[in-house]
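Enquirer: structure, please.
(chains A and B)
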Amino acid sequence: MIVGYTDLPEPAGSSPRPLLDLAVGDVDDLVVPCLVDSGAVHTLLPRWLAVSAGVALDGAQRRALAVAGAGTDAAFITCRLAAAGHTWEAPVGFADPWPYSWGLLGHEAFFRFFTVTFRGADLEFEVDPIV
Amino acid sequence: MTTVRVAGAEFTLGADKVERRLAKADPEPIHLHYAVVNGRRFPPKQVLALITGLDRADFTTHQARSILRRLGFGVYRRQGEVAGSGSSVSGEAGTVLDAFAGRWVAQVGDDVLYDADAPEAVVAWLRRHGRAGRVWRVPASPVDAGSALSTP
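Expert: Reported below is the predicted structural model:
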């Protein structure tokens, strides 16, 4: 699947970003944009999403992480993910507080499952599931 | 103030009254036409029904659009046709999102369906209206849109 970079409003700067819509859990009415971030180890999402998607965090492994220079508490749990026409299960950290407008797709839970080709000059990237 | 006649009854309306009445109203999904009130998009028939108390079957979308235009509100058709005064909401994706910087939105393509102060309110609106969409907070600053490194 080829995905165009997302335009942002002027106050956020003019550089479009490689964002990929991700669904979590068993819901199909809600996706959140996530930055395809090859510099991120984990896949991290805002915690409100776990509640809205019905992902129970009972038994989640809690870790203190630093994101954007500030501390956050991430609850890691394995859940169903869907993006780019593909569904898989992987551990995701639901973090609170969360500083960004989007989630982060990192190596754990994302790059292990996809081949991603960035074509920055064309403001697009290609995502292919590894089968 | 403007006096209008709808479904055999007269109503004296003004923009201030409309804005006050809709301040806490929950916009319904837009099908084709919409009016911008308090910076939010409403179906014209929803607006006219709320400010007059009439049943929506008592008037047409054309009447609602005409009255709202007379009151000075921007009245539009989806896909970018501007049919009245007021600030433009349609346009390219980045331009559309400018008006929602810092807000939580439900977005489908270039269309912002709904905006609110919190993600839970946006998700509740989507589910109330049986809609699906991308939910996110439109970045309002470079910090919101910063890249990040997470540490294990």
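Enquirer: give me the sheet partners of the longest strand seen in chain A and which way each runs.
Expert: Scanning chain A for the strand with the most residues, using DSSP state E, yields strand A:70-83. Paired strands of strand A:70-83, with direction, are strand A:19-24 (antiparallel), strand A:61-67 (antiparallel), strand A:86-96 (antiparallel) (DSSP bridges).
Enquirer: how about the strands of chain B, start to end?
Expert: B:2-6, B:9-13, B:33-37, B:40-42, B:74-77, B:81-82, B:104-108, B:111-116, B:133-137.
Enquirer: and those, which one is worst for confidence?
Expert: Here the lowest mean pLDDT among those goes to strand B:81-82, at a mean of 40.
Enquirer: can you list the residues of chain A near chain B?
Expert: Applying Cβ under 8 Å from any Cβ of the partner chain, we find that chain A lies next to chain B at A:6-13, A:17, A:21, A:28-33, A:35, A:37, A:39-42, A:44, A:46, A:48-49, A:51-52, A:65-68, A:99-102, A:104, A:106. (C-beta placed from N, C-alpha, C; glycine too.)
Enquirer: restricted to strands, list these.
Expert: A:D21, A:L30, A:V31, A:V32, A:P33, A:L35, A:L44, A:P46, A:L65, A:A66, A:V67, A:L104.
Enquirer: check those and tell me the two furthest apart.
Expert: A:L30 and A:A66 (27.7 Å; Cβ to Cβ).
Enquirer: so what's B:H33 bridging to?
Expert: Assessed by DSSP bridges, B:H33 has beta-bridge partners B:R77.
Enquirer: wait, it touches B:S66, no?
Expert: No. Between B:H33 and B:S66 there is no contact under Cβ atoms under 8 Å: 11.2 Å.
Enquirer: okay, now the domains of chain B?
Expert: Domain ranges of chain B: B:2-77, B:95-143, per automatic domain parsing.
Enquirer: dump the ones you listed to CSV, plus mean neighbour count.
Expert: Below are these laid out as CSV (neighbours: other Cβ atoms under 10 Å in any protein chain shown):
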stretch, mean neighbour count
domain B:2-77, 17
domain B:95-143, 19
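Enquirer: need the ones you listed in CSV with distance to A:E126, can you?
Expert: Shown next, in CSV, are the domains of chain B (distance: least, Cβ to Cβ, whole Å):
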stretch, distance to A:E126
domain B:2-77, 33
domain B:95-143, 20
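Enquirer: list the contacts of A:V51.
Expert: B:E120 (Cβ atoms under 8 Å, 6 or more residues apart in numbering or on different chains).
Enquirer: apply 10 Å and report the result again.
Expert: If you count contacts by Cβ atoms under 10 Å, 6 or more residues apart in numbering or on different chains, A:V51 has them with A:L57, A:F94, B:P119, B:E120, B:V123.
Enquirer: count the neighbours of the residue nearest to the first one when sequence neighbours are not counted for me.
Expert: With sequence-adjacent residues excluded and distances taken as Cβ to Cβ, 6 or more residues apart in numbering or on different chains, A:L57 is closest to A:A75, at 4.7 Å. By the criterion of other Cβ atoms under 10 Å in any protein chain shown, A:A75 has 19 neighbours.
Enquirer: quick one, grab the pLDDT at A:A75.
Expert: For A:A75, pLDDT reads 96.
Enquirer: so how far is chain B from it?
Expert: Distance of A:A75 to chain B, computed by Cβ to the nearest Cβ, to the nearest Å: 14 Å.
Enquirer: now that residue, which residues is it bridged with?
Expert: Under the criterion used here (DSSP bridges), A:A75 is bridged to A:R62, A:F94.
Enquirer: how about it, what does it touch?
Expert: Neighbouring residues of A:A75 by Cβ under 10 Å, 6+ apart: A:47, A:50, A:55, A:57-63, A:92-96.
Enquirer: circling back to that earlier point, what subset of the ones in strands among the residues of chain A next to chain B is buried?
Expert: Taking 16 or more other Cβ atoms under 10 Å in any protein chain shown as the criterion, what is buried in those is A:D21, A:L30, A:V31, A:V32, A:P33, A:L35, A:L44, A:P46, A:L65, A:V67, A:L104.
Enquirer: surely the fifth one and A:A23 touch.
Expert: No. Counting by Cβ atoms under 10 Å, no contact exists between A:P33 and A:A23, whose distance comes to 11.4 Å.
Enquirer: returning to that earlier point: nearest to A:F125, of the domains of chain B?
Expert: Of all these, it is domain B:95-143 that lies closest to A:F125, at 17.1 Å by Cβ to Cβ.
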